[in-house]
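Participant: give me coordinates for this.
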Amino acid sequence: MHAMPTPPPIATDLRPVDTRVQPFDTAAARHLLSRAGFGGTPTQIDVLAAQGLDRSVALLVDFESQPDKSVSTDDFDRDVMPPLTREEREQLNAARRARDESAVERLERKENQAKANDRRQLIELKKWWIARMIESARPLEEKMTLFWHGHFATGARTIEDSWHMFQQNQLFRTYATGNFGMLVLNVIRDPAMIKYLDNDKSRKGQPNENLARELLELFILGEGSGYTEADIKAGARALTGYTFADDEFEFRDGNHDRGAKTIFGKQGNWTGDEFARLALAKPECSEFIAAKLYRFFVNDTPGADISAEQRDARSTFIKALATELRTQQYEIKPVLTKLFSSAHFYHVSNRAATIKSPAQLIVQTIRQYGTPPRQLSALAGACDLMGQDLFQPPNVKGWDGGRTWINTSTLFVRQNVAIYLLTGKRPDVYDWENDETRFDPAPLLAGITTSDAMVDRLISVSLAAPPHPERRAALVSFLESPAQARATEHSRAVAAIALITALPEFQLA
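Facilitator: Have a look, this model is predicted:
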């Protein structure tokens, strides 16, 4: 019996992988496409493996060269939430004072109808984004849009304007792999963020601290890292006057505090932009963003559950990633290029080391098997049931991710949504619609003639790392059982895939 080969030491810097030692094979290509996107079919993975590491990374990161399935702004209603006019607002207040119920009902009906229209448009927006993730030839663009949505978390229920959520989503897409500093400066001008964190109520003499606090705690530096309460208070003064009118940013000079402010020990008549730039210049910023990128793209296993060698390598690698962010002046694209080309990224300890988010689980299942997308509203609802309601993160901290995605109830939904995608059959517990479109697994199994070969092919398509040998043997035994011997090739293949989607390893990317 041969001993398993000893894996190479974990690289602790951004040195590129030596493909003579770690070949860029189909397993490596699958790893790259799963992390830098949402997976792909065996044919797509074979194409990446054949063209090599550098070209594959460039294809994914330099996505502007790929066609964009763009959406016209005409597809969504900018005026879905028209406010009552000043006259209507005065009439409503007067009717309430006079207890004129018929007038109150008439005027409130307009508001309620607008809210109903907005809720319907939000559902369409969720369906549109899921469709983009499924269909896009630029998967990293959508993956980074999802990353920024979780980082600059903003919830539709508070905003109550789906157009503003659409605008913000497009902002994240515009700066998907662009300059982080420029993205921050646009976020503090974003109507959705301004409303979500009450900066539209912030004015000279009455500053609201929400936006300043979250900029430092959650968006730029990290909680308790490199700032004081005094910095937050001064930052809030700097952000006074940053508001919006209709759908656009508006700076109201009369509401802005032009007095001297001390931020990070530096005194000046700082504006909101200057406050953000001062925070971006602190070294804690690069370390915070590097750690978030690492957890999203490389490994989200808690530090307590990995070896001391892995912990040390992770810490040193994140510092190297932070240095690269500063060197590149926070341009995300060259940083991701180095990350996706690094030996550390491809090390065996970082394979199958992230838990698929609900969106990743759904989109990757569709993309890697080629299943019909079924009912998009059902997929949006499934995302919510699994803990990732798009356009509605749980709070301003966003989604915790990692192991928080998995519990008894979400695992049940994860298994059911996989079966729904494979068969189109609606689980009894959900109000999804049955879909009669037949999934054809034959392209996945071209040239396969034995149960052993079928299992190995489906494992290579489905899992980020091989399962325990006992699980593989159980799959082979299932296919060779008398019941499966009598089944059609189609039903055998679908049944085998369904069993694989129920494995714990299927939840890993």
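
Participant: what's near enough to touch Phe412?
Facilitator: Listed by C-beta atoms under 8 Å, 6 or more residues apart in numbering, the contact set of Phe412 is empty. In short, each C-beta sits where N, CA and C put it, glycine included.

Participant: do the same with Trp270
Facilitator: Contacts of Trp270 (C-beta under 8 Å, 6+ apart): Ala234, Ala238, Lys261, Ile263, Leu278.

Participant: nearest to Glu87, of the residues you listed?
Facilitator: Nearest to Glu87, judged by C-beta to C-beta, of those is Ala238 at 36.2 Å.

Participant: quick one: neighbours of Glu141, just the number.
Facilitator: 24 (other C-beta atoms under 10 Å).

Participant: out of the contacts of Trp270, who's nearest Phe24?
Facilitator: Using C-beta to C-beta, these come closest to Phe24 at Leu278, 42.1 Å.

Participant: enumerate every residue touching that closest one.
Facilitator: Ile263, Phe264, Lys266, Trp270.

Participant: was I right about the second one contacting Ala234?
Facilitator: So that's Phe264. No. Phe264 is not in contact with Ala234 according to C-beta atoms under 8 Å; the separation is 9.0 Å.

Participant: which one's more surrounded, those two?
Facilitator: Between Phe264 and Ala234, counting by other C-beta under 10 Å, Ala234 is the more crowded of the two (25 against 17).

Participant: which strand or helix spans that one?
Facilitator: helix 229-238 (DSSP states H and E).

Participant: any buried residues in that helix, and which?
Facilitator: Within helix 229-238, the residues scored as buried using 16 or more other C-beta atoms under 10 Å are Asp231, Ile232, Lys233, Ala234, Gly235, Ala236, Arg237, Ala238.

Participant: next one: Asp74, what pLDDT does it get?
Facilitator: With respect to pLDDT, Asp74 scores 67.

Participant: distance-wise, check the residue sitting furthest away from the middle of the chain relative to Met165.
Facilitator: No residue in the chain sits farther from the centre than Ala98, which is 49.8 Å out by C-alpha atoms, centre = their mean. As for Ala98, its distance to Met165 is 37 Å (criterion: C-beta to C-beta, to the nearest Å).

Participant: pull the helix or strand with minimum mean pLDDT from the chain.
Facilitator: In the chain, the helix or strand scored least confidently by mean pLDDT, DSSP states H and E is helix 86-98, which has a mean of 81.

Participant: which helices and strands does the helix or strand following that helix pack with?
Facilitator: Later in the chain than helix 86-98, the nearest helix or strand by DSSP H and E is helix 101-135. In this structure, helix 101-135 packs against helix 86-98, helix 139-151, helix 162-174, helix 358-369, helix 376-385, with contacts taken as 3 or more C-beta pairs under 8 Å, 6 or more residues apart in numbering; DSSP states H and E.

Participant: in helix 101-135, what counts as buried?
Facilitator: Those would be 104, 107, 114, 117-118, 121-122, 124-134, for helix 101-135 by 16+ other C-beta under 10 Å.

Participant: swap in stretch 472-485?
Facilitator: Buried residues in stretch 472-485 (16+ other C-beta under 10 Å): Arg472, Leu475, Val476, Phe478, Leu479.

Participant: identify the residues contacting the third one.
Facilitator: Put plainly, it is Val476. Shown in contact with Val476 (C-beta under 8 Å, 6+ apart): Ser451, Asp452, Val455.

Participant: most neighbours of all those, which one?
Facilitator: Counting by other C-beta under 10 Å, top hit in the contacts of Val476: Val455 with 24 neighbours.

Participant: who's in contact with it?
Facilitator: Counted by C-beta under 8 Å, 6+ apart, Val455 has contacts Arg472, Leu475, Val476, Leu479, Ala496.

Participant: how about a cut-off of 6 Å?
Facilitator: Applying C-beta atoms under 6 Å, 6 or more residues apart in numbering to Val455 gives the contacts Leu475, Val476.

Participant: ok, now how distant is it from Pro504?
Facilitator: Between Val455 and Pro504 the computed distance is 17 Å (C-beta to C-beta).

Participant: just Ser286 next, same as before
Facilitator: On the measure of C-beta to C-beta, Ser286 and Pro504 end up 35 Å apart.

Participant: more crowded one of those two?
Facilitator: Of the pair Ser286 and Pro504, Ser286 is the one with more neighbours under other C-beta under 10 Å, namely 23 against 11.

Participant: the more buried one against Ala320, yeah?
Facilitator: No. Applying C-beta atoms under 6 Å, one finds Ser286 not in contact with Ala320, separated by 10.7 Å.

Participant: any idea how far Phe478 is from the residue most central in space within the chain?
Facilitator: Compute the mean C-alpha point of the chain, and by C-alpha atoms, centre = their mean the closest residue is Leu146, 2.7 Å away. Counting by C-beta to C-beta, the gap between Leu146 and Phe478 amounts to 35 Å.

Participant: please state the offset of the helix holding Ala234 from the chain centre?
Facilitator: 30 Å (C-alpha atoms, centre = their mean, to the nearest Å).

Participant: about what we covered before: quick one: which of the contacts of Leu278 is nearest Asn93?
Facilitator: Using C-beta to C-beta, the contacts of Leu278 come closest to Asn93 at Trp270, 38.7 Å.

Participant: helix, strand or coil for that closest one?
Facilitator: coil (DSSP: H, G, I helix; E, B strand; the rest coil).

Participant: spell out which residues make up each domain of this protein.
Facilitator: Domain assignment for the chain, taken from automatic domain parsing, gives 23-61, 283-350, 442-507.

Participant: got JSON lines for the contacts of Leu278, with secondary structure too?
Facilitator: Below are the contacts of Leu278 laid out as JSON lines (three-state DSSP):
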{"residue": "Ile263", "secondary structure": "strand"}
{"residue": "Phe264", "secondary structure": "coil"}
{"residue": "Lys266", "secondary structure": "strand"}
{"residue": "Trp270", "secondary structure": "coil"}
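
Participant: which pair in those spans the largest distance?
Facilitator: Phe264 and Trp270 (10.1 Å).

Participant: give the contact list for Arg237.
Facilitator: Taking C-beta under 6 Å, 6+ apart, one finds Pro207, Asp257, Lys261 in contact with Arg237.

Participant: among those, name the buried ones.
Facilitator: Looks like these have Pro207, Asp257, Lys261 buried, using 16+ other C-beta under 10 Å.

Participant: mind checking which of these are in strands?
Facilitator: Per DSSP state E, strands hold the following members of the buried ones among the contacts of Arg237: Lys261.

Participant: looking at the buried ones among the contacts of Arg237, which is nearest Thr371?
Facilitator: Nearest to Thr371 among the buried ones among the contacts of Arg237, with distances taken as C-beta to C-beta, is Pro207, at 51.5 Å.

Participant: surely the closest one touches Ala238?
Facilitator: No. With contact defined as C-beta under 6 Å, Pro207 does not count as touching Ala238 (8.8 Å).

Participant: so what touches stretch 426-444?
Facilitator: Taking C-beta under 6 Å, 6+ apart as the rule, stretch 426-444 contacts Thr371, Pro372, Arg374, Gln375, Ala378, Asn416, Leu422, Gly424, Val461, Ala493.

Participant: what do you get for stretch 332-348?
Facilitator: 7, 10-11, 14-17, 22, 28, 36, 57, 61, 177, 317, 324-325, 328.

Participant: which parts of it are buried?
Facilitator: Here stretch 332-348 shows 332-333, 335-347 as buried, counting by 16+ other C-beta under 10 Å.

Participant: switch the buried residues of helix 229-238 over to JSON lines; also include pLDDT and distance to Glu250.
Facilitator: Formatted as JSON lines, these follow (pLDDT from 0 to 100; distance: C-beta to C-beta, whole Å):
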{"residue": "Asp231", "pLDDT": "99", "distance to Glu250": "26"}
{"residue": "Ile232", "pLDDT": "99", "distance to Glu250": "24"}
{"residue": "Lys233", "pLDDT": "99", "distance to Glu250": "24"}
{"residue": "Ala234", "pLDDT": "99", "distance to Glu250": "23"}
{"residue": "Gly235", "pLDDT": "99", "distance to Glu250": "20"}
{"residue": "Ala236", "pLDDT": "99", "distance to Glu250": "18"}
{"residue": "Arg237", "pLDDT": "99", "distance to Glu250": "18"}
{"residue": "Ala238", "pLDDT": "99", "distance to Glu250": "17"}
